[in-house]
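Student: Sharing a model prediction with you, sequence too.
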Amino acid sequence: MNFLNDILKFLTSFPTLLHSGVIFGTVIMFGALGEIITEKSGNLNLGIPGIMYLGGIAGLAATFMYENVYCVNAGITPSSAICVILCLVCAFVASAFGGLIYSFLTISLRTNQNVTGLTLTILGSGIGNFFGGSLNKLAGGVGQVSVAATSEAFRAYSSKLVNFFDSFTGKFGLGTLLFSYGFLTYVAIALAIATWYFLNKTRTGLSLRAVGENTATADAAGINVTKFKYLATCIGGGISGLGGCYYVMVYIRGTWENQGTIEALGWLAVALVIFATWKPMRAIWGSYLFGVLYWAYFYIPGLTRSSQEIFKMIPYIVTIFVLLMVSMRKKKEDQPPRSLGLPYFREDR
C-alpha cells in the first residue's frame, strides 16, 4: 500500500518535476549548443565550465554596478530593458573572450587542446569566485549580493497565458509547463533550431563542418581554416556563457554562490554534446531529459541521502551508455567530427 502511495505521489508531482527539468536543462542547453558549434570546427574545448563562470560573473557584475551603484547614486529606478541588455552583452563578450584565449593558445600557439581547456576551466572558476566574493563584500557580506530588478526581468512571463491554458488542463497545468518561463528559455530553443539550420542548410555552416571533418581538404578547397576555427570557438564560447548568465539570473535569482555548481553544470553540458551526438535538435530534448533525471531524486519518496547521490549520477551514466552505443553501431551521422581535437599545421599537409 505504501508503495502504491509513493507511486501516486510521484505521478502527482511529475508536472512540477518537468517544470524544474526545463529550467535546469536550459542552463546546460546553452553550454552544449556553444560546444557543438566549437567542436564542429574541430576544436575540443573542455573549458566550457570556466567559460560559463565568466558569463555568469560578467553579467552579474555589470548589472550589480548598474542597479546598486549607478541607479542608487542617481536616485533612479533601474530600467528592466537596460538590465537585460547589459547583462546579456557583458556575459556574451566575456565568454567569447574566454573562447578567444582558447583559440589563440590552441590555434596560433599550437598548445594541447585538452590541457588548454582544463586550464581555462580552472581560470574561469577562479575569476568567477574571486569577483563573486568581491561583490559579496561590496554588498555587505556573503550571500548579500543581489540584482533583483535584472533577475525579475529575466524570469518574467505572461501569467494570463499560463492561467488560460491551466483553466483547460486543471491540475496537470499545461500552461505552467509550457509558458511559465523567462524569455531566455525560448531563446535557447530557437537558438538550437537556428544552429541546426545554419550547420545543415547554409554554405557557411557546411564549410564549418568541412573544417571539422577534414581540415586539410577544407584548406585545399580555399576555406580559411584559421578564421572558421577562431569564429566558431569565440561565438560558441559566447553562447555557452549565456548558460552561466541564465544560471545566475534565473536559477539562483540574481545572486552568487561559491559551491562549484556552475562547473558541475558545465561538465553536464559537455556530456550533453556527446549524448546529442553533436546534433543541436537532440540537445533540446536531451537537456530537458538531463534536467528531469538530475532532479528526479527530489520527487521520489523514501530515498536516503546515498540513494539521492546515485540518482544525480544518472545523466552521466546515460551519457556513457550512449557513447558506447554510438561506438558500437558506428553510424557515420552519429560520430564526432573526424578532426576533433587534432591540431592542424598547414606545413604538414
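Tutor: In hand now; what should we look at?
Student: Look at the closest residue in space to residue 156 that isn't next to it in sequence and say how many residues are nearby.
Tutor: Leaving aside its sequence neighbours, residue 156 sits nearest to residue 182 (Cβ to Cβ, 6 or more residues apart in numbering; 6.3 Å). Every C-beta, even on glycine, is put in place using the N, C-alpha and C of the backbone. Neighbourhood size, residue 182 [other Cβ atoms under 10 Å]: 20.
Student: Quick check: residue 182 touching residue 157?
Tutor: Yes. Residue 182 lies in contact with residue 157 (Cβ atoms under 8 Å); the separation is 6.4 Å.
Student: if we can go back for a sec, mind checking how far the residue nearest to residue 156 is from residue 152?
Tutor: 9 Å (Cβ to Cβ, to the nearest Å).
Student: swap in residue 296?
Tutor: Distance, residue 296 to residue 152, using Cβ to Cβ: 29 Å.
Student: and what of residue 83?
Tutor: Applying Cβ to Cβ, the value for residue 83 to residue 152 is 9 Å.
Student: what do you get for residue 305?
Tutor: Taken as Cβ to Cβ, the span from residue 305 to residue 152 is 34 Å.
Student: more neighbours, those two?
Tutor: Higher neighbour count among residue 305 and residue 152: residue 152, with 16 against 7, using other Cβ under 10 Å.
Student: In space, what's closest to that one - neighbours in sequence excluded?
Tutor: residue 80 (7.5 Å).
Student: What score does the one you found have for pLDDT?
Tutor: Here, the pLDDT recorded for residue 80 equals 93.
Student: Would you check that it makes contact with residue 148?
Tutor: No. With contacts counted by Cβ under 8 Å, residue 80 stays clear of residue 148, the gap being 11.1 Å.
Student: Can you dump the C-alpha atoms of the helix or strand containing residue 92 in CSV for me?
Tutor: Assigned by DSSP states H and E, residue 92 belongs to helix 80-103. C-alpha atoms of helix 80-103 as CSV (Å, rounded to 0.1, in the frame of the first residue of the first chain):
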residue,chain,number,x,y,z
SER,A,80,14.5,46.4,-17.0
ALA,A,81,15.5,46.7,-20.6
ILE,A,82,18.9,48.2,-19.8
CYS,A,83,19.4,45.5,-17.1
VAL,A,84,18.7,42.6,-19.6
ILE,A,85,20.7,44.1,-22.5
LEU,A,86,23.7,45.0,-20.3
CYS,A,87,23.7,41.5,-18.7
LEU,A,88,23.5,39.6,-21.9
VAL,A,89,26.1,41.7,-23.8
CYS,A,90,28.6,41.6,-20.9
ALA,A,91,28.1,37.8,-20.4
PHE,A,92,28.5,37.1,-24.1
VAL,A,93,31.5,39.3,-24.6
ALA,A,94,33.3,37.9,-21.5
SER,A,95,32.6,34.3,-22.6
ALA,A,96,33.6,35.0,-26.2
PHE,A,97,36.9,36.4,-24.8
GLY,A,98,37.4,33.1,-23.0
GLY,A,99,36.9,31.4,-26.4
LEU,A,100,39.4,33.8,-27.9
ILE,A,101,42.0,32.9,-25.2
TYR,A,102,41.5,29.2,-26.0
SER,A,103,41.7,29.9,-29.8
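Student: Just give me how far that helix sits from the chain centre.
Tutor: 14 Å (Cα atoms, centre = their mean, to the nearest Å).
Student: buried sites along that helix?
Tutor: 82-84, 86-88, 90-99, 101-103 (16 or more other Cβ atoms under 10 Å).
Student: Three-state assignment for residue 127, please.
Tutor: Three-state assignment for residue 127 (DSSP: H, G, I helix; E, B strand; the rest coil): helix.
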